[in-house]
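Asks: coords please:
(2 chains)
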There are 2 protein chains.
Amino acid sequence: MIFPLLALLAATQADTAPPPKQTSAQLAAAAPAAAWGAIDPGDLLLIEFADGGRAVVWLAGEFAPVHVANIRTIARSGWWGDASVYRVQDNYVTQWGDASEKKPPAAGITLDPPAEYEWAWGAHGRAVANPYRDAYARRTGFTASGWAVAGDGKAQWLPHCYGMVGVARNLAPDTGTGGDLYAVIGHAPRHLDRNIAIVGRVIDGMAALSALPRGTGGGLGLYEDPKQRVPIKRIVLVADLPAAERPTYQYLRPDAPVFAATLEARANRGGPFFTVPAGAVDLCNLMVPVRTVVGR
Amino acid sequence: MIFPLLALLAATQADTAPPPKQTSAQLAAAAPAAAWGAIDPGDLLLIEFADGGRAVVWLAGEFAPVHVANIRTIARSGWWGDASVYRVQDNYVTQWGDASEKKPPAAGITLDPPAEYEWAWGAHGRAVANPYRDAYARRTGFTASGWAVAGDGKAQWLPHCYGMVGVARNLAPDTGTGGDLYAVIGHAPRHLDRNIAIVGRVIDGMAALSALPRGTGGGLGLYEDPKQRVPIKRIVLVADLPAAERPTYQYLRPDAPVFAATLEARANRGGPFFTVPAGAVDLCNLMVPVRTVVGR
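Replies: Residues are numbered from 1 along each chain as shown, chains lettered A, B, ... in the order given. Prediction:
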């Protein structure tokens, strides 16, 4: 039974049936090359785990420049040489960095970055408006540079959706240095929006962060036994890798003509599986499509 | 650094500071016994994995009676004796049941259940209204029996939130028998609402379903090698266990006076960590609180 059969059955439909509605993925796949934008290797952070797993974070330096500059400096300094995942809280976050909490910060970083949680509406260009209602923000959209954004007409910010990466911090007004990062692994905790610096999005290898055993410490998913920590082999900027070793990615440009159709296709799914289209779609179910050009 | 320190620092705040705003969890913990309702052991399905893991599903027989009757029959028949998890798709679902897809159905079940996807507005009693905006449904709320519901004033349905359990099915108008089930393990795929029968909610042991290795087959998270399947030791109704072995749970009654305050506390989080309250909260971040009375 079940979902696995979908593809088989779809292929046996009568030729006389009207063409099935295209899915968002099909629309994106058929888009011309010009609809896809390159992601700069200087904006890609590769996390390699000791067990061979890996994840790739697309850095949002455009929106959190001081924190992302710190992250680049930390990556190049080797400070993460003994980093590990030390916290995995179910339906919330996976967090990595310095489990000891005692390591002196990497040389050359800004120790007290400003609260890069939001920016003045439009400061990063006019976003393509999202016509679908959001539970948290009055106005949402997508920057031409490939980021889903939320806002209220005065301020704009990055939303805490599945796979988004933020900077762990202590109590306000601390903003964190960037040495400890987390990725969202559950339903979007949007109450964190405007309270933490978001610095990126996991665009490849999310399972290396989401499928880890959950921790049991402190009601925060901390690994209580240091042996539970998941050792990280290295964290490196893709731009710092030899050219032949660089994974490369593209994003579907929100200002490309096809983009609006991909949103509609996700709000009103067609095909033989769905009987009632939602007529709606959550911002966090509208993450900008990313494709791998050269994997690793 | 970071979140782990929160509890320590909170305890050292000056005595002269105003009392911190109570969290939703604190409000629930302080609620009188009458605010908590018992969950019937006949509505609890215990899933025990061969490796010792376990999960508990609260069955929603009130809303999907034919499917849930099937599930009770299947559990008692032993049909799940060789069941396994055979599909884990990141940011989507974990699915279990008959990986062979060839097993004859359990005796005594209804083979073609009706589409128990929604019901007439108010047919299950007047829900406590949720004042917060939802991205998908015009009206949302909570039944006195403990379920978050979505609707439009004419129809009402259960939402596909993190941890909700649905009946895997093939193409419409098939509705599935209940022999294969899935739990949501990522951002709420609310486009499935009204298209699949929801039959329950994981209220304990969610990590046993969410932290599994992701599958790579068919773009659907299928385990391509049968050896990857996660064997299930047994699936049993808690009511069918000896009394001394039964885990017991309670839910915070949505019609209890404290309930509205717990919603507000989640929409506008206080304390020294949050600087900007959201003033909003997604329905899927408002799951009705459940507490363990007797664990296992």
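Asks: tally of neighbours for A:Val56?
Replies: Neighbours of A:Val56 under the rule other CB atoms under 10 Å in any protein chain shown: 24. In short, each C-beta sits where N, CA and C put it, glycine included.
Asks: one more: A:Pro20?
Replies: For A:Pro20, the neighbour count with other CB under 10 Å is 12.
Asks: contacts only, for A:Gln228.
Replies: For A:Gln228, the contact set (CB atoms under 8 Å, 6 or more residues apart in numbering or on different chains) comprises A:213, A:215.
Asks: phi, psi for it please.
Replies: Note on A:Gln228: its backbone torsions stand at phi -80, psi -20 [degrees, to the nearest 10].
Asks: then A:Val165?
Replies: With angles defined as degrees, to the nearest 10, A:Val165 sits at phi -110, psi 130.
Asks: and A:His187, which of the three is it?
Replies: Recorded secondary structure, A:His187: coil (DSSP: H, G, I helix; E, B strand; the rest coil).
Asks: shouldn't A:Val149 be within a strand?
Replies: Yes. Counting by three-state DSSP, A:Val149 is found in a strand.
Asks: OK, contacts around the nearest residue to A:Arg201 once chain neighbours are set aside?
Replies: In space, and not counting its chain neighbours, A:Arg201 is closest to A:Trp58: 5.0 Å by CB to CB, 6 or more residues apart in numbering or on different chains. When contacts are counted by CB under 8 Å, 6+ apart, A:Trp58 touches A:39, A:43-44, A:200-203, A:249, A:290.
Asks: remind me which helix or strand A:Trp58 belongs to.
Replies: Element membership of A:Trp58, judged by DSSP states H and E, is strand A:54-59.
Asks: that strand pairs with which strands, parallel or anti?
Replies: Sheet pairing of strand A:54-59 (DSSP bridges) gives strand A:44-49 (antiparallel), strand A:198-204 (antiparallel).
Asks: and stretch A:62-74, what's buried?
Replies: For stretch A:62-74, the neighbour count (16 or more other CB atoms under 10 Å in any protein chain shown) marks A:62-64, A:66-74 as buried.
Asks: can you list contacts of it?
Replies: Under the criterion CB under 8 Å, 6+ apart, residues A:42, A:45, A:59-61, A:80, A:106, A:108-110, A:113-114, A:116, A:119, A:124, A:143, A:145, A:147, A:158, A:167, A:175-179, A:181, A:197-200, A:235, A:237 lie in contact with stretch A:62-74.
Asks: so A:Thr292 makes contact with A:Gly205?
Replies: No. Counting by CB atoms under 8 Å, A:Thr292 does not reach A:Gly205; the two are 10.4 Å apart.
Asks: of the two, who's got more company?
Replies: Between A:Thr292 and A:Gly205, counted using other CB under 10 Å, A:Gly205 has the larger neighbour count: 20 against 13.
Asks: show me what contacts the more buried one?
Replies: A:Gly205 neighbours (CB under 8 Å, 6+ apart): A:47, A:53-56.
Asks: now the two most distant members of the residues you listed.
Replies: Checked with CB to CB, these reach their widest spread between A:Gly53 and A:Val56, with 11.5 Å between them.
Asks: what number of residues lie near A:Val238?
Replies: Counted with other CB under 10 Å, A:Val238 comes out at 23.
Asks: distance of the closest residue to it other than its chain neighbours from chain B?
Replies: In space, and not counting its chain neighbours, A:Val238 is closest to A:Leu44: 3.8 Å by CB to CB, 6+ apart. According to CB to the nearest CB, to the nearest Å, A:Leu44 and chain B sit 20 Å apart.
Asks: so A:Leu44 makes contact with A:Arg54?
Replies: No. Applying CB under 8 Å as the test, A:Leu44 and A:Arg54 come out as separate, 11.7 Å apart.
Asks: the more surrounded of these two?
Replies: Neighbour count, other CB under 10 Å: between A:Leu44 and A:Arg54, A:Leu44 has more, with 23 against 16.
Asks: contact partners for the more buried one?
Replies: Contacts of A:Leu44 (CB under 8 Å, 6+ apart): A:56-59, A:237-239, A:247, A:249.
Asks: and which of these is nearest B:Tyr86?
Replies: Checking the contacts of A:Leu44 against B:Tyr86 by CB to CB gives A:Val56 as the nearest, at 27.9 Å.
Asks: any idea how far the nearest residue to the closest one once chain neighbours are set aside lies from A:Pro213?
Replies: Ranked by CB to CB, 6+ apart and with sequence neighbours excluded, the top spatial neighbour of A:Val56 is A:Asp204, at 4.0 Å. To A:Pro213, A:Asp204 is 22 Å away according to CB to CB, to the nearest Å.
Asks: so which bits of the stretch 51-200 of chain A are right by chain B?
Replies: Residues of the stretch 51-200 of chain A lying close to chain B (CB under 8 Å from any CB of the partner chain) are A:87-88, A:90-91, A:95, A:98, A:101, A:115, A:117, A:132-137, A:161-163, A:168-173, A:176, A:179-180, A:186-191, A:193-195.
Asks: among the residues you listed, which are in strands?
Replies: Among those, the members found in strands (DSSP state E) are A:87-88, A:95.
Asks: could I get the residues you listed as TSV with neighbour count?
Replies: Output for those, formatted as TSV (neighbours: other CB atoms under 10 Å in any protein chain shown):
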residue	neighbour count
A:Arg87	28
A:Val88	28
A:Gln95	26
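Asks: any chance of those residues in CSV, plus pLDDT?
Replies: Shown next, in CSV, are these (pLDDT from 0 to 100):
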residue, pLDDT
A:Arg87, 98
A:Val88, 98
A:Gln95, 98
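Asks: stretch A:259-270 and chain B in contact?
Replies: Yes. Shown here: stretch A:259-270 in contact with chain B (CB under 8 Å from any CB) through A:266-267, A:269.
Asks: for A:Pro254, give me phi and psi.
Replies: For A:Pro254, the backbone dihedrals are phi -60, psi -20 (criterion: degrees, to the nearest 10).
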